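# Fold the following for me, if possible:
(2 chains)
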Amino acid sequence: MSTTTVQTEAPRVAPARGGFHLPTIDTPITAVSFSRLVGVEARKQVDTLAGRWFLIFLGVVIVIAMTIMLFVDGGDHNYGSYLAAAAVPLGIGLPVLGILSATQEWSQRTAMTTFALEPRRGRVIWAKVVSTVLIGLGAVALTLVLGAVGRLLGDLRGAETPWGFDGWSIAGMTLMMLLYVLQGLAFGLALLNTPAAIVAYFALPTLMPLMNLVSWLRTPYEWIDLTMTTAPLPSGAAMTGEQWAQLAVSVALWVGVPLAIGVWRVLRREVK
Amino acid sequence: MIQVQNLVKTYGDFTAVDDVSFTAEAGRVTGFLGPNGAGKSTTMRVMTGLTPATSGTATVLDTPYEQLTNPGRHVGVLLDASAQHAGRTGREVLSLGALTLGIDRRRVDQMLEVVGLTPKEAGRRVRNYSLGMRQRLGLANALLGDPKVLILDEPANGLDPAGIRWMRDLLGTFAAEGGTVLLSSHLLHEIERIADDIVVIGRGRIVASGTKEELLRPSGCLVRSMDDAALQAALQEAGMDVTVLPSGALQVEAETAAVGQVAAGRGLALIELRGADSQGLEEMFLTLTSDDARQETAA
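Model (predicted):
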């Protein structure tokens, strides 16, 4: 036992005795490009143990949802229904990755390294926004594939309903997914605390409908509940001017305002 | 080179860093010492742009840190080895660094080898690392961009004896090749062995700075005689500062020649007369910072 210890320690001491030589880098120093920052931020969202298990968990939930779809009515649904089966768990789960992207820098204190390598914090924040959008788009692409796989399996089981491929519905679903992941990131940036941001993110859509209990809050409710205002998006039906206005107001309130607060806080906060 | 000029950082009423100025020269290891809460870490965070200064400036390589192009290629920073995501592997931490810096991924393996982390250890998650392994990983991260300046806060903390020796050699080589090293440590013995220059900070203020030789130069002399009481009286009459040491000898703040003259004048037989021992860094540190401790109780 003691012999092995000596052997493993030996290489650590040896270079010290022989005089150290530090390998150098020959390539010239280039500025930290924005695309590199985006790549790093995207990677950071999926390279942790928590991030990886979270994605695996989401995958399992989607597989279960698909399986259920295949057994309900013999799997005889249109493509849009299969899409929804994949999109709902992703829409609920993915914003958590956005939240963690913002909060883990502070809870795990990696902000110290992140901002030492890129002191212009604004660039890091925008890199997080872009990487979150890219991950949202990736999730949409995955949803389209998973939905198609589900529907193809449905075809094998003899589904008779037409596929009913609807471009507007997919565009609406994409927009909704992006708004949700950005809302997650914005909540994370504004609160900079993982449990608080997750609780706030999930409590909000649950608590908002309570406004309906008060008669004079019903009209404002229609303008500020993001769940309500985004609901028409995946249907593919043309939205009215008022619906768009309601969407814009609720997005400004639940994505724009927290994002602004978050940017302000991160730019000013002391990194310890 | 690192230059700090008239740096002040206040938190409300509390002044964490109070008009601090010093320079860490290229080619030298500068030890940054001070008791807990003296303002070391705050000063280092200001240098690296993580904490805004209330007033004053800090420059690295004659440039404010935030204005360096790709700062990781110029300055290696390790302020807290524990500030890493527990769920990432050591290799992943370095890979993210290499990706940000825009350098070859082979550099990751090189640095793992330099700091002595095996591929197996590099594949483990940081949560399973000992403090010593985290320090090695942090040093690998700091060295990743082939920097000219190293800013290290307590890097020897948690390292085993072999690791401490290894770090001493590493920093020595780094400085010998023209690099600037600023490191803080509580391991005074280590600083004494490794540092060329020393800056001591207490309660936010610089209390001493200079080369190690200057700061540790002994002062006064040590004398023993057949009749110490008489000698003490004689020396004090001559206006010298005399302290009776627990061992029985007298410590005198004067040159040996002057002390011998006084003894000869009184006809006192000396047993021993020599220059005082070089005071160790610990002695100096405690003397310098005990003033702060007294102020603390007085306030």
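# Can you get me a residue count around the closest residue to A:L267 other than its chain neighbours?
Nearest residue to A:L267, sequence neighbours excluded (C-beta to C-beta, 6 or more residues apart in numbering or on different chains): A:R121, at 5.5 Å. In this view, the C-beta of every residue, glycine as well, is placed from N, C-alpha and C. For A:R121, the neighbour count with other C-beta atoms under 10 Å in any protein chain shown is 20.
# right, and A:R121 touches A:F115 too?
Yes: counting by C-beta atoms under 8 Å, A:F115 is a contact partner of A:R121 at 5.8 Å.
# which residues touch the residue nearest to A:L267?
A:F115, A:V266, A:L267 (C-beta atoms under 8 Å, 6 or more residues apart in numbering or on different chains).
# try A:Y180
A:G91, A:L94, A:P95, A:G136, A:T230.
# Next up, the contacts around residue 48.
I'll assume chain A. By C-beta under 8 Å, 6+ apart, the contact list for A:T48 reads A:Q104, B:H85, B:G87, B:R88.
# The intended chain is chain B.
Residues counted as contacts of B:T48 (C-beta under 8 Å, 6+ apart) are A:A116, A:P119, B:Y65, B:V75, B:V77, B:L79, B:I151.
# Which of the contacts of A:Y180 fall in helices?
Among those, the ones falling in helices (DSSP state H) are A:G91, A:L94, A:P95, A:G136, A:T230.
# And for the last one, nearest residue in space, chain neighbours not counted?
Nearest residue to A:T230 in three dimensions, chain neighbours excluded: A:M176, at 4.8 Å (C-beta to C-beta, 6+ apart).
# isn't the one you found right up against A:G236?
No: with contact defined as C-beta under 8 Å, A:M176 does not reach A:G236; the gap is 11.8 Å.
# More neighbours: which of those two?
Between A:M176 and A:G236, counted using other C-beta under 10 Å, the more crowded position is A:M176 (22 against 16).
# Just the pLDDT for that one.
pLDDT recorded at A:M176 is 93.
# looking at this, B:T243 is in a strand?
Yes: secondary structure of B:T243 (DSSP: H, G, I helix; E, B strand; the rest coil): part of a strand.
# Number of residues surrounding it?
For B:T243, using other C-beta under 10 Å, the count is 11.
# Please name every helix or strand in contact with the helix or strand where B:L183 lies.
B:L183 belongs to strand B:180-184 when elements are defined using DSSP states H and E. The elements that strand B:180-184 packs onto, with contact taken as 3 or more C-beta pairs under 8 Å, 6 or more residues apart in numbering or on different chains; DSSP states H and E, are strand B:14-24, strand B:29-33, helix B:40-47, strand B:149-153, helix B:161-176.
# Give me the mean pLDDT for stretch B:34-43.
Here the average pLDDT along stretch B:34-43 is 90.
# end-to-end on it?
With C-alpha to C-alpha, to the nearest Å as the measure, stretch B:34-43 spans 12 Å from end to end.
# Would you map the strands across chain A?
In order along the chain, chain A carries no strands (DSSP state E).
# do the stretch 101-250 of chain B as well
Per DSSP state E, counting those that start in this stretch, the stretch 101-250 of chain B carries strands over the ranges B:149-153, B:180-184, B:197-202, B:205-211, B:221-225, B:242-244, B:250-252.
# Just give me the closest of the ones in helices among the contacts of A:Y180 to B:I191.
A:P95 (48.5 Å; C-beta to C-beta).
# So for that closest one, what's the nearest residue that isn't a sequence neighbour?
A:G184 is the one closest to A:P95 (C-beta to C-beta, 6+ apart), at 2.8 Å.
# On the pLDDT front, check that neighbour for me.
A:G184 is given a pLDDT of 96.
# go on, A:V124?
97.
# now swap in B:S278 and tell me
pLDDT at B:S278 comes out at 68.
# Same question for A:G51.
Taking A:G51 on its own, its pLDDT is 85.
# residue contacts, it?
A:Q45, A:L97, A:L100, B:G87.
# Can you name the residues that contact the residue lying closest to A:T194 once chain neighbours are set aside?
In space, and not counting its chain neighbours, A:T194 is closest to A:T103: 4.3 Å by C-beta to C-beta, 6+ apart. Going by C-beta under 8 Å, 6+ apart, A:T103 touches A:G188, A:L191, A:L192, A:N193, A:T194, A:A197.
# Redo those residues as CSV? Include distance to B:V114, pLDDT and neighbour count.
Formatted as CSV, the contacts of A:T103 follow (distance: C-beta to C-beta, whole Å; pLDDT from 0 to 100; neighbours: other C-beta atoms under 10 Å in any protein chain shown):
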residue, distance to B:V114, pLDDT, neighbour count
A:G188, 36, 97, 32
A:L191, 39, 96, 23
A:L192, 35, 95, 20
A:N193, 37, 94, 16
A:T194, 34, 94, 19
A:A197, 38, 96, 27
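# could I get those residues as JSON lines with distance to B:L112?
Shown next, in JSON lines, are the contacts of A:T103 (distance: C-beta to C-beta, whole Å):
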{"residue": "A:G188", "distance to B:L112": "32"}
{"residue": "A:L191", "distance to B:L112": "36"}
{"residue": "A:L192", "distance to B:L112": "32"}
{"residue": "A:N193", "distance to B:L112": "33"}
{"residue": "A:T194", "distance to B:L112": "30"}
{"residue": "A:A197", "distance to B:L112": "34"}
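# Closest one of those residues to A:V257?
A:L191 (12.6 Å).
# Surely that closest one is in contact with A:A200?
Yes: here A:L191 reaches A:A200: they are 6.4 Å apart, a contact under C-beta under 8 Å.
# For the contacts of B:T48, pick the one with the most neighbours.
B:V77 leads the contacts of B:T48 on contacts (other C-beta under 10 Å) with 30 neighbours.
# Report pLDDT for the residue nearest to A:T194.
Looking at A:T103, its pLDDT reads 95.
# Tell me how far it lies from chain B.
Note on A:T103: its distance to chain B, by C-beta to the nearest C-beta, to the nearest Å, is 12 Å.
# Where does the prediction get shaky in chain B?
Residues of chain B meeting the criterion pLDDT under 70: B:278-279, B:291-299.
# Helices of that one, start to end?
Going by DSSP H, chain B shows helices at B:40-47, B:90-101, B:106-115, B:119-122, B:131-143, B:161-176, B:188-194, B:212-216, B:228-237, B:256-266, B:281-298.
# For chain A, which of those helices is the nearest?
Smallest distance to chain A across the helices of chain B (C-beta to the nearest C-beta): 3.8 Å, for helix B:161-176.
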